[in-house]
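Q: the sequence and its predicted three-dimensional model are supplied below.
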Amino acid sequence: MPQRGDELLASRRAKLERLRERNVDPYPARFHRTHTTAEAAHAFTEAEAAGTDGPAVTVAGRIVRLRRMGKASFADIEDSEGRLQLFIRSDAVGDEYALVDDLDLGDFAGASGTLIRTKMGEISLAAESLTLLAKSLRPPPEKFHGLRDVEQRYRQRYLDLISNREVHEAMRARSRIISAIRAFFDARGFLEVDTPVLVPVPAGAMAQPFVTRHNALDRDLYLRIATELYLKRLIVGGMDKVYEIGRVFRNEGIDANHNPEFTLLESYEAYADYNDVMRLVETLVPQVALEATGGTNIEYGGEVIRLTGPWPRVSLHDAIEQYAGVNLDDHPDASSLADKMRAIGVAATYAESRGRLIDKLVGTFVEPKLVQPAFLVDYPVEMSPLAKASPDNPRYTERFEAFAAGMEIANSFTELNDPDVQRERLAEQEELRKQYQGEDLDRMDEDFLTALEHGMPPTGGLGIGVDRLVMLLTGQTTIRDVMLFPQVRQTGEPDA
RNA sequence: GCCCCCGUAGCUCAAUGGCAGAGCGCCGGGCUUUUAACCCGGGCGUUGCAGGUUCGAGUCCUGUCGGGGGUACCA
C-alpha cells in the first residue's frame, strides 16, 4: 500500500520532536488515575447533590475533541466507560499549557484538578496539571461521521472501536452472553474443560478441516472442526457433565453467517437424552437473553422473537411434508428424492446424497419459516452419524436442531454409544465420501471407537454456535459484527 | 466457486467523456467557558493497480487486486 498522507504523519512527528526537545516524555511508563470518566462524573453528581465542592480527581483517556481558544482550551477525553471534558486554562496549569500546542486528536493524556460544572452545564475537570501519556502518530478517523468503510472497520478493528462506540457495546453484550452461558452450566454441576485444538483426525462433524504440520512428530495434524468426540471420551472416563466453549475451524466459505473460525459451545450429560437437552436449551436461551440483554423478547429483522419456553417440537418429517409438500418416506433413496425435488422446482442432482438433499429441503422450505423458536426433531439416520437411532423407527435418530429467526442455533442428540453401530455409521460416512466427492462427511476415528468400546453411558449432547446466538440476542445480521477480528483476505503488504 | 455492485485527499463524500472538489482533519495566524467551537489564510491527490478506446478518461472497455451483496457450499 503506498504511503499516503505523509504530511499528516510528518506534522505529528515534528510535534514529537518538539516535545522531546522540551524534555517531555511522549511515552511515560505509568500514570495513576483516581477515577474513570464515569466515576468522576458520578463523584461530581454526588458532591453537587450534597451541596459540596467538586472533588479533586486524576483522570486519563484518549483525546477525541480539542477546542483551542488561545490561553484556554477544552479537550474531551474518552476511556472505555465514557467521556469527560477537560477545561485547561493557562493560568491554572502554568508552563504545562505549552503542551496543548503539541497535542493531537488521538493522543492519550492525563489530568488532575477539581471537578466543576461549566457555564454550559457540562461536568468538566478544571485542570491544574496536564500530562501527555502517549503520542498518536497517525490521524484518527473523521470525528463526526466516524469510520464507515466496512473493510477498514474489520481490518483495523481498533479504529472501529475508537470511532464507533456501539462496537464496544456489542462486544460487551457478547461477553455477558458467554458469562451467562458459563454461569448456567456451572450452576447445574457441569465441569468446564479444554480439549485439543490440534487433532490427528478431524472428526465429529461434517466439514473441511485446516491442515497443519507438526515438525517433531513429522506428521500432519488438523485444527478441530468440533469438540464432540473428545468430550465423549470424558463421558467414557466418568466425567458425567462436561462442557467446552471453544474455537473450532472449518475450511469453508465466508459470508454473513460463516467465519472460518468460530466459537462453539458443546455440552454432554450422562443419563440424559435429547428430550432433557431440549428442556435445557429452552431454559438456557431465555435465561442468557435475560442476563445479557435484560429481556426475553428479541427484535430481529423487524420481528419480535419470544424466547420464553417451552418451544414447539416438530418432527423433521412432518415439517418437510408441511412446508415442502414432500413425504420423505415415499422417497427412501437419493435418486427418487432428487426426482421429486426437481419436480417441485428445487435444484437437485443425482450426485447428491440423500442426507444432503434433505438438508437442502430443510434449508429451502423449513428454516426460513422458523422465526419463533422451535425444535425440529428426529433426523434421518444418514444425516446423523453420531446420533442414536430411534427405538421406534431405525431410519430416524433421536436428534434435534433448534431454530430461531430462521437460523439454526443448536444441534443435539441422544448420543450413539453402541461401538459396533458407531463403527458402521462412520464406515458408511467414509463410503459416502467416495461416492459423493465434494460433500463434507464425518470421518472414522479409531481412537474414539476404542473409547466407546470401554463403555459410554446413555448421554445427551448439545452444540450451540455461540456467535450465532450472540447475533440472535443482539439483533446483528452479520457474524462479523459479533466477533472482533473476522477473517479478511490478506493484502500483499501488511500495513503497519 | 459463479453472478452483480463498489474502490476519488487521513476520514465522510461530490464531480454530462472536457481545468479533480466540499466538510471534517491537517498547516500558519487570532481568541481565557467551548460542545462537530468560531474567525482569517493555505488543497495537502499516482482517482486501488496494469493495459486499451478517445483530441481528451475519475467517468467507457479488458485484465487484475481488495471490499460488499446475492448464489452455491456450510452447524
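A: Cool, got the structure.
Q: where's the closest residue to residue A:115 other than its chain neighbours, which helix or strand?
A: Spatial nearest neighbour of residue A:115, excluding adjacent residues (Cβ to Cβ, 6 or more residues apart in numbering): residue A:54 at 3.4 Å. C-beta coordinates here come from the backbone N, C-alpha and C atoms, glycine included. Using DSSP states H and E, residue A:54 maps to neither a helix nor a strand.
Q: who's in contact with residue A:54?
A: Residues in contact with residue A:54, defined by Cβ atoms under 8 Å, 6 or more residues apart in numbering, are A:43-44, A:47-48, A:114-117.
Q: for it, report the pLDDT, please.
A: Per-residue pLDDT puts residue A:54 at 93.
Q: and the one 4 residues further on, by the same measure?
A: Reported pLDDT at residue A:58 in the predicted model: 97.
Q: what do you get for residue A:335?
A: 85.
Q: with residue A:479 instead?
A: pLDDT, residue A:479: 89.
Q: where do the strands sit along the stretch 301-450 of chain A?
A: A:303-306, A:313-315, A:374-377, A:399-404, A:407-414 (DSSP state E, counting those that start in this stretch).
Q: save these as JSON lines, and put in mean pLDDT, distance to RNA strand B and mean neighbour count too.
A: Formatted as JSON lines, the strands of the stretch 301-450 of chain A follow (pLDDT from 0 to 100; distance: least, Cβ to the nearest atom of the strand, whole Å; neighbours: other Cβ atoms under 10 Å):
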{"stretch": "strand A:303-306", "mean pLDDT": "90", "distance to RNA strand B": "16", "mean neighbour count": "14"}
{"stretch": "strand A:313-315", "mean pLDDT": "93", "distance to RNA strand B": "16", "mean neighbour count": "16"}
{"stretch": "strand A:374-377", "mean pLDDT": "94", "distance to RNA strand B": "11", "mean neighbour count": "24"}
{"stretch": "strand A:399-404", "mean pLDDT": "94", "distance to RNA strand B": "6", "mean neighbour count": "25"}
{"stretch": "strand A:407-414", "mean pLDDT": "92", "distance to RNA strand B": "1", "mean neighbour count": "22"}
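Q: name the nearest residue to the residue in chain A sticking out farthest from the centre, ignoring sequence neighbours.
A: Distance from the centre of chain A peaks at residue A:91, with 49.9 Å (Cα atoms, centre = their mean). Leaving out its chain neighbours, the residue that sits closest to residue A:91 by Cβ to Cβ, 6+ apart is residue A:71, at 7.4 Å.
Q: what about that neighbour, how many neighbours?
A: 11 (other Cβ atoms under 10 Å).
Q: repeat that for residue A:348.
A: By other Cβ under 10 Å, neighbour count at residue A:348 equals 21.
Q: go on, residue A:192?
A: Using other Cβ under 10 Å, residue A:192 has 12 other residues around it.
Q: residue A:34 now?
A: Applying other Cβ under 10 Å, we find 14 residues neighbouring residue A:34.
Q: how would you label residue A:252: helix, strand or coil?
A: coil (DSSP: H, G, I helix; E, B strand; the rest coil).
Q: go on, residue A:88?
A: strand.
Q: quick one: it from residue A:81, how far?
A: The gap separating residue A:88 from residue A:81 is 21 Å, by Cβ to Cβ, to the nearest Å.
Q: residue A:122 contacts residue A:87, correct?
A: No: contact criterion Cβ atoms under 8 Å: residue A:122 and residue A:87 do not qualify, at 9.1 Å.
Q: are stretch A:48-63 and RNA strand B in contact anywhere?
A: No: remark: stretch A:48-63 sits outside contact range of RNA strand B, by Cβ under 7 Å from any atom of the strand, the gap being at least 9.4 Å.
Q: where does the residue nearest to residue A:89 when sequence neighbours are not counted land on pLDDT?
A: Distances taken as Cβ to Cβ, 6+ apart place residue A:72 nearest to residue A:89, at 4.6 Å, with adjacent residues excluded. On the pLDDT scale, residue A:72 is placed at 94.
Q: okay, and the beta partners of residue A:72?
A: Beta-bridge pairing of residue A:72 under DSSP bridges involves residue A:69, residue A:89.
Q: same check on residue A:109?
A: Using DSSP bridges, the bridge partners assigned to residue A:109 are residue A:61, residue A:132.
Q: separation between it and RNA strand B?
A: 14 Å (Cβ to the nearest atom of the strand, to the nearest Å).
Q: does that residue touch residue A:78 like I think?
A: No: Residue A:109 is not in contact with residue A:78 according to Cβ under 8 Å; the separation is 10.8 Å.
Q: between those two, what contacts are shared?
A: Common contacts of residue A:109 and residue A:78 (Cβ under 8 Å, 6+ apart): residue A:61.
Q: so which of these two has more stuff around it?
A: residue A:109 (25 against 17).
Q: now for the more buried one: which residues touch it?
A: By Cβ under 8 Å, 6+ apart, the contact list for residue A:109 reads A:60-61, A:63, A:75, A:77, A:86, A:103, A:130-133.
Q: show the model's pLDDT score for it.
A: 95.
Q: then the one 10 residues further on?
A: In the predicted model, residue A:119 carries a pLDDT score of 92.
Q: up against RNA strand B, what does the stretch 51-200 of chain A have?
A: Counting by Cβ under 7 Å from any atom of the strand, the stretch 51-200 of chain A sits next to RNA strand B at A:65-72, A:74, A:76, A:85, A:87, A:89-91, A:104-105, A:116, A:118-122, A:124, A:126, A:139, A:141-152, A:154.
Q: are any of those residues buried, and which?
A: Listed as buried from those are A:66, A:74, A:76, A:85, A:87, A:89, A:104-105, A:124, A:126, A:141, A:147, A:154; burial here means 16 or more other Cβ atoms under 10 Å.
Q: can you redo the residues you listed as JSON lines with secondary structure and distance to residue A:320?
A: Shown next, in JSON lines, are those (DSSP: H, G, I helix; E, B strand; the rest coil; distance: Cβ to Cβ, whole Å):
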{"residue": "A:66", "secondary structure": "strand", "distance to residue A:320": "62"}
{"residue": "A:74", "secondary structure": "strand", "distance to residue A:320": "65"}
{"residue": "A:76", "secondary structure": "strand", "distance to residue A:320": "58"}
{"residue": "A:85", "secondary structure": "strand", "distance to residue A:320": "61"}
{"residue": "A:87", "secondary structure": "strand", "distance to residue A:320": "68"}
{"residue": "A:89", "secondary structure": "strand", "distance to residue A:320": "74"}
{"residue": "A:104", "secondary structure": "coil", "distance to residue A:320": "62"}
{"residue": "A:105", "secondary structure": "coil", "distance to residue A:320": "58"}
{"residue": "A:124", "secondary structure": "strand", "distance to residue A:320": "64"}
{"residue": "A:126", "secondary structure": "strand", "distance to residue A:320": "70"}
{"residue": "A:141", "secondary structure": "coil", "distance to residue A:320": "49"}
{"residue": "A:147", "secondary structure": "coil", "distance to residue A:320": "45"}
{"residue": "A:154", "secondary structure": "helix", "distance to residue A:320": "37"}
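Q: mind listing what residue A:8 touches?
A: A:138-139.
Q: recalculate using a threshold of 7 Å.
A: residue A:139 (Cβ atoms under 7 Å, 6 or more residues apart in numbering).
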